[in-house]
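> Sharing a model prediction with you, sequence too.
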Amino acid sequence: MVADRAYLKGARIGEPLSRLDAEVARIVAALGATGAVRVEPEALQPADVLLDLYGEDIRARAFTVRDEGGEMMLRPDFTVPIVRLHMDAGAEPARYVYCGPVWRRQDAGSRRPREYLQAGFEIFEAGDPAAQDAEALAVIRGALGDAPVRLVTGDLGLILATIDALDTSAPRKAALRRHVWRPHRFHALLQRYGVGHASATAARAELLAAEAAGGTQAMITAGGVVVGLREVAEVAARVSVLATEAATAPLARQDVDRIEAVLAVEGSASEALVALRGLAHGLPALDAAVDRYARRLDALAERGISPDELRFEGSFGRTTLEYYDGFVFGALPVGRDDLPPIATGGRYDALTRVLGQGAGIPAVGGIVRPEALMALMEG
Amino acid sequence: MLKLGVPSKGRLQEETIRWFAARGVELARVGGEREYRGMVEGVDGVELVLISAGEIPGELLAGRLHLGVTGQDLIRERLPRWQDRVDELAPMAFGRADLVVAVPAFWVDVRDMGDLDAAAGAFRARHGHRLRVATKYHHLVRSFFEHHGVADYQLVDSQGATEGTVKNLTAEAIADITSTGSTLRDNHLRILDDGLILQSEATLFLSKAATWGAPETAALDALRTRLGLENAPAE
């Protein structure tokens, strides 16, 4: 038991460990074959960086430790540690390869491992995004060899472009973009801006009437004594945002349907292209995103990954821990429900902007789970 | 011997003793006021353990108590997947309290969790940090906020006088237990329309981790009969 590790029995000692070491070396070599620099980020990461990025939800997933220097988290993945390392090293274009353990909190009774290895690579380069996306998937597929996996792809850029293409107000688009990764709130917002608009407005009738009559201040005063850091001006500002929202026409039925349709697209990557072209008809903003998607398919084909055999799912990558905002992919084990995705990855341009305080760089990468891969290969 | 854990002091203890007495089971402290041992009269094979109410969830989890009286809020907060670890034998209709999300009453723009999320986004943009929610129920509150898809908030720990944290500028909103809401009103706070996280009452819990041999099972059956609770079907 003590010698067991994620998905592998006895692989912390002796011959099974040697086999894993060899497998890790092979994967790292394959991932780094295009001239990547080997890096080893710190296992302990500042909790505030992860919390500011992912929010409180990360506490349920990452282990927190503290000493007198402050609160730290055991890295739950490599993306943030690598981006921090990259930004600290001057943010010049670079490619990195790495391997090491990550730690995730699990619920009582869960069979998922608390500790497992990730081997991965990240590309921080300007240039042709389609070519880089295709390269990322090709490199990962190369590292997986002939393992029985099913590749699945998605594209969060399409969802973001569908929001941008909406014929509605900028605050609504910003609110929807903010919650792309939280499906429950996202759909509540669509409801509120669409079929629920009239009832949401009716529920605030008193406040809206006061606002229209210049009585916001009186209403706030009547609400109660002013306490706390959030000021009266902030409350008043949001009341006027609510008034503007109430006066904005509800989302057209076909606009809401289009978002749902983009999220529901499923099939081969080439079938998805046909469906997406249809959905983007007459919408330049979405059409441009579909063009990018099409160029990626061409780039994938050039790397020998046929879009006819590659699966696409419109919602793929929407609820992962990662911060993807473009191309996403996963390699799912065939016939092994007990194993997690053997590899995952994608594009996360926005994350580098957030962690770089505005100085961003296009970024794409992916990870392999060596233990899961070995468990899959050895049956 | 079946061990029954009961709060060692205060109103919760008095109400518990009264609840059992009304069903023909006398709980009595043995020895002096400071001694945490007790007796159970009316049912054989049951030992009374007087223990701090906050420790009862952990003792049930560890199986050192077979039965225990504590609040549902504490069980749900302290025991992940609590349904797998304890059974609720009997809600006891006292110690009622609601765990709620409350904001300053003058926030006329914030009626529900969706508003709180939007306000948190604007607050963070303006103040440079996430909107702080003071609570001691970290697990329950985080799950509730995650369920509602709230972003841009942070939990700050408050083990007491939580209602005062907003006035003291250590939090912008709170999630706390309230029974009548009067303390919230006194502190100029208002409960969100959909801000009810949990309705809690004192409850007699059964530990699934405890050792249930023949004597304990027999004592449990006798106690259930005495208390007017249905006996569990044989498994």
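That came in fine, so what should we check first?
> Verify the contact between A:P171 and A:T244 for me.
Yes: counting by C-beta atoms under 8 Å, A:T244 is a contact partner of A:P171 at 7.3 Å. C-beta here means a position set from N, CA and C on the backbone, and glycine is covered the same way.
> Spit out the contact partners of the residue of chain B found nearest chain A.
The nearest approach of chain B to chain A comes at B:G149, 2.6 Å away (C-beta to the nearest C-beta). By C-beta atoms under 8 Å, 6 or more residues apart in numbering or on different chains, the contact set of B:G149 is A:179, A:182-186, A:188, B:117.
> Equivalent analysis for A:G100, please.
Counting by C-beta under 8 Å, 6+ apart, A:G100 touches A:40-41, A:43, A:78, A:117-118.
> so where's chain A uncertain?
For chain A, residues meeting the criterion pLDDT under 70 lie at A:320-322.
> Nearest to chain B within it, name that residue for me.
For chain A, C-beta to the nearest C-beta, closest residue to chain B: A:R185, 2.6 Å.
> Leaving out the residues flanking it, which one is nearest to that residue?
Closest residue in space to A:R185, ignoring its immediate chain neighbours: B:G149 at 2.6 Å, by C-beta to C-beta, 6 or more residues apart in numbering or on different chains.
> looking at this, the residue of chain B closest to chain A is in a strand?
No: with DSSP: H, G, I helix; E, B strand; the rest coil as the criterion, B:G149 is located in coil rather than a strand.
> buried ones in stretch A:73-89?
A:73-87 (16 or more other C-beta atoms under 10 Å in any protein chain shown).
> State the helix or strand in which residue 110 lies.
Answering for chain A, as no chain was given. If you go by DSSP states H and E, A:S110 is not part of any helix or strand.
> that answer is for a different chain, and I need it for chain B
Using DSSP H and E, B:V110 falls outside every helix and strand.
> Help me confirm that it comes into contact with B:L116.
Yes: the pair B:V110 / B:L116 is scored as a contact, 5.6 Å apart, by C-beta under 8 Å.
> In contact with A:G335, which residues are there?
By C-beta under 8 Å, 6+ apart, the contact set of A:G335 is A:P148.
> Tell me which residues touch A:L117, please.
Counting by C-beta under 8 Å, 6+ apart, A:L117 touches A:6, A:24, A:99-102, A:369-371.
> Could I get the buried residue list for the helix or strand it falls within?
Per DSSP H and E, A:L117 falls inside strand A:115-124. Buried residues in strand A:115-124, defined by neighbour count with 16+ other C-beta under 10 Å: A:116-124.
> One more: stretch B:146-156?
Quick answer for stretch B:146-156 (16+ other C-beta under 10 Å): B:146, B:148-156.
> what are the ranges of the strands in chain B?
Residue ranges of the strands in chain B, as given by DSSP state E, are B:2-7, B:26-29, B:37-41, B:46-51, B:67-71, B:86-91, B:97-104, B:131-135, B:153-157, B:173-178, B:189-200, B:202-207.
> per-residue confidence for the residue of chain B positioned farthest from its centre?
Relative to the centre of chain B, the most outlying C-alpha is that of B:R126, 35.9 Å out, by C-alpha atoms, centre = their mean. Listed pLDDT for B:R126 reads 96.
> now it: how far from B:D186?
28 Å (C-beta to C-beta, to the nearest Å).
> Can you name the residues of the stretch 51-200 of chain A that neighbour chain B?
A:51-52, A:55-57, A:59-60, A:107-109, A:175, A:178-179, A:182-186, A:188-189, A:192 (C-beta under 8 Å from any C-beta of the partner chain).
> same thing but at 7 Å, please
Applying C-beta under 7 Å from any C-beta of the partner chain, we find that the stretch 51-200 of chain A lies next to chain B at A:51, A:55-57, A:59-60, A:107-109, A:175, A:178-179, A:182, A:184-185, A:188.
> Could you find the closest non-adjacent residue to the residue most central in space within chain B?
With distances taken as C-alpha atoms, centre = their mean, the residue of chain B nearest its centroid is B:D73 (2.4 Å). Distance criterion C-beta to C-beta, 6+ apart; nearest residue to B:D73, sequence neighbours excluded, is B:S200 at 3.9 Å.
> No more questions from me, cheers.
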